[in-house]
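Student: Pasting the sequence and the predicted coordinates here, then a few questions.
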Amino acid sequence: MPELEDRLASLGGPEAGRPKEERAATGEFPELPGARHGAVVLRLAPFPNGALHIGHGRLLYVNDYYRQKYGGRILLVFDDTIGSEEKRAEPEFFDLIRGDCELAGVRPDAVFYKSDRVPLFYPWARRVIERGGAYVCTCAADLLRERRAAGAACPERSQTVEETLDGWDRMLGNAYGPGEAVLRLRTDLSDPDPAFRDRVLFRISHLEHPRVGRKYSVWPMLEFSWAVDDVELGVTHVLRGKELVIEDRMQRFIWDLLGVSGPPFLHWGLLRVREAKVAKSKANREVRSGLYDGWADPRTWSLRSLDRRGISLEALRTFILSFGMSLADIEVAAETLYAENRKRIDPVAVRRAFVAAPVRLEVDGYPFDLAEVDLPNHPDRPELGRRTVAAGPAFFLAHSDLADHAGGEVRLKDLVNVRLPVEVPPPGGVLRATFASRENRRLPRLQWVGVAGAVPVDLLGVDGDHAPGVAERSVRELDPGTIVQFERVGFARVERTWAPGSEPVRLAFGHP
RNA sequence: GCUCCCGUAGUCUAGUCCGGUCAAGGAUUCGGCGCCUUCGACGCCGUAACGCGGGUUCGAAUCCCGCCGGGAGCACCA
């Protein structure tokens, strides 16, 4: 492999251009060590087994922040090695993830697939072996694990370079089945960190890969593939979550062994959104089973589900960048994201009336001249226009509103005051109330929808529930994708999949 | 258990490297008041924090030591 030898030589020694011990400052966003404007190359490396969610948002936006800051490039590198029986790459996610990046406004400058690059890793492995840095181990997985924990060597650890090369060739020559042999890095069995002792570099798998089928049976582990690709692809800085710190050590160990230099690493801490129970495997299962409404189901907390709910991904960007590069593990309430989104959509979302779980309210003595009323589309923005809505004498009101105020006097918002009876029927029932007065008094204000103009609405909730309700007629004229505010309920977005004019009008709830 | 990381108000964050201008700033939440005919917006007001204990120093959120607490890794996953 003389070519590789030359390439390695040209890449410089371990100290060449390697910055001092880098560490994410607790400050906002530290300078990237050694970065030159226009010469920064970053990478996103998702595994294609699900849609991108809020956690990936940090990956996208932090990398994009630095791309903009330094005029750099972002590579999207699908980390689609063979995975495992439980964690497999799946074909539909390649395009889906690219779409998610677009949606998030983080367009990669180039796209690569690890599965195209497998043959590239083999000569590097051979070089590591020749330097005495690895050995072929045929221990069973659990035995290997036990010995690692105990700091005990397996008999094969002492094999010579020639023996290892021979074993490696037999691995490549399909002499072993899955689980029968691995190539292990020779680190130090007394390393204080048990996780770092002789980690596996390559293993054998006969699983079918969605892109390359069964073309390869010897697959690299993540750390080795990145030790190669961060160099081969010219990545200048690796920004990733701190759960991957041990991979830094692995990569550096391999680079030092081969006498090449690689990029510095920067990390951020764990980010949890309290309401988002991010269980990708569960989401995967429920999407597949049909329980979830695809990858835009609100319960997945995927980027596309946020978009569906009318949560601007620019609001998500601001939200995520507000955490800086802190290494602290944080848990934040979704409300903080909602507050950020509200700033953006409140000024532009038109107001509409919606009533969930409606009860029909007939008002005795209702004034004849108030069959319809004219209302502004936005209380503070007259330029957004007005609309006319049908009013009484028959209305729909939310069952919960009526129950809260049974027996009292209330004001139908923007309309008149009525006196409610003590007994409230369940949703779908009918109730008689009496007209009280017209003047605007300080009474509890209830939202209403005039029966004459009511259209049925299906409102998708954050828990995936479908709340049936009614809304004023003008919601039927909304374009798919429009974000509205249902007064006293919250913001919602007209589903893009809704066929205009059809009933019920379908929307997805965003947040209060 | 071992390794690494992190501890500033309910939550997130600025400040910590290079000690004084920090009787600790911002955002969000919560409470109150005002206002627009929304539980939404806006305005005003308010509650609320340097994990604990030692040390160094004229002076410590900031430096040192020891505890305590939280998280992650310890896969032939990524």
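Tutor: That came through fine. Numbering: from 1, shown residues only, chains lettered A, B, ... in the order given.
Student: Please make it C-alpha for all contacts and neighbour counts, starting now.
Tutor: Will do.
Student: quick one: contacts for the residue sitting furthest away from the middle of chain A?
Tutor: The centre of chain A is farthest from one residue, residue A:365, which by Cα atoms, centre = their mean lies 54.2 Å away. Listed by Cα atoms under 8 Å, 6 or more residues apart in numbering, the contact set of residue A:365 reads A:434, A:435.
Student: domain parsing for chain A?
Tutor: As given by automatic domain parsing, the domain ranges for chain A are A:1-116+A:221-345, A:121-218, A:348-512.
Student: Strands of the stretch 351-500 of chain A, residue ranges please.
Tutor: For the stretch 351-500 of chain A, applying DSSP state E, counting those that start in this stretch gives strands covering A:354-356, A:358-364, A:372-376, A:386-390, A:394-398, A:409-412, A:417-419, A:430-437, A:445-446, A:448-450, A:454-460, A:466-472, A:483-486, A:490-494.
Student: so which of those comes closest to residue A:187?
Tutor: Set against residue A:187 and scored by Cα to Cα, the strands of the stretch 351-500 of chain A come closest in strand A:454-460, at 53.5 Å.
Student: In a markdown table: the strands of the stretch 351-500 of chain A, plus mean pLDDT, mean neighbour count and distance to residue A:331.
Tutor: A markdown table is the format used below for the strands of the stretch 351-500 of chain A (pLDDT from 0 to 100; neighbours: other Cα atoms under 10 Å; distance: least, Cα to Cα, whole Å):
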| stretch | mean pLDDT | mean neighbour count | distance to residue A:331 |
| --- | --- | --- | --- |
| strand A:354-356 | 93 | 26 | 32 |
| strand A:358-364 | 90 | 21 | 37 |
| strand A:372-376 | 89 | 15 | 39 |
| strand A:386-390 | 90 | 16 | 42 |
| strand A:394-398 | 92 | 25 | 34 |
| strand A:409-412 | 88 | 21 | 40 |
| strand A:417-419 | 89 | 22 | 45 |
| strand A:430-437 | 88 | 18 | 46 |
| strand A:445-446 | 90 | 19 | 36 |
| strand A:448-450 | 91 | 28 | 38 |
| strand A:454-460 | 94 | 22 | 26 |
| strand A:466-472 | 91 | 21 | 28 |
| strand A:483-486 | 96 | 24 | 28 |
| strand A:490-494 | 95 | 24 | 24 |
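Student: Can I get those strands in a markdown table including distance to residue A:29?
Tutor: Below are the strands of the stretch 351-500 of chain A laid out as a markdown table (distance: least, Cα to Cα, whole Å):
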| stretch | distance to residue A:29 |
| --- | --- |
| strand A:354-356 | 43 |
| strand A:358-364 | 50 |
| strand A:372-376 | 44 |
| strand A:386-390 | 45 |
| strand A:394-398 | 48 |
| strand A:409-412 | 51 |
| strand A:417-419 | 56 |
| strand A:430-437 | 59 |
| strand A:445-446 | 47 |
| strand A:448-450 | 49 |
| strand A:454-460 | 38 |
| strand A:466-472 | 42 |
| strand A:483-486 | 33 |
| strand A:490-494 | 33 |
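Student: between these, which one is nearest to residue A:203?
Tutor: strand A:454-460 (45.2 Å).
Student: got a list of contacts for the closest one?
Tutor: For strand A:454-460, using Cα under 8 Å, 6+ apart, the contacting residues are A:466-473, A:475-476, A:503-509.
Student: give me that answer again for 10 Å
Tutor: Here strand A:454-460 makes contact (Cα atoms under 10 Å, 6 or more residues apart in numbering) with A:297-298, A:309, A:353-356, A:389-391, A:395-396, A:448-449, A:465-476, A:492-495, A:502-510.
Student: where do the helices sit along the stretch 51-200 of chain A?
Tutor: A:54-70, A:92-104, A:118-130, A:141-150, A:161-172 (DSSP state H, counting those that start in this stretch).
Student: go on, the stretch 201-350 of chain A?
Tutor: Using DSSP H, counting those that start in this stretch, helices in the stretch 201-350 of chain A cover A:222-232, A:245-258, A:280-289, A:303-308, A:313-321, A:334-345.
Student: Going by mean pLDDT, which of the ones you listed comes out lowest?
Tutor: Mean pLDDT is lowest for helix A:280-289 among these, at a mean of 84.
Student: Go through that one and flag the buried ones.
Tutor: A:280, A:283, A:284, A:286, A:287 (16 or more other Cα atoms under 10 Å).
Student: Identify the residue spatially nearest to the last one, adjacent ones excluded.
Tutor: Pointing back at residue A:287 there. Distance criterion Cα to Cα, 6 or more residues apart in numbering; nearest residue to residue A:287, sequence neighbours excluded, is residue A:294 at 5.1 Å.
Student: so what's the residue nearest the centre of chain A closest to, chain neighbours aside?
Tutor: The residue lying closest to the centre of chain A (Cα atoms, centre = their mean) is residue A:53, at 0.9 Å. Setting aside the residues directly before and after it, residue A:53 is nearest to residue A:302 in space (Cα to Cα, 6+ apart), at 3.8 Å.
Student: list the contacts for that neighbour?
Tutor: A:50-57, A:100, A:276, A:278, A:280, A:283, A:295-296, A:308.
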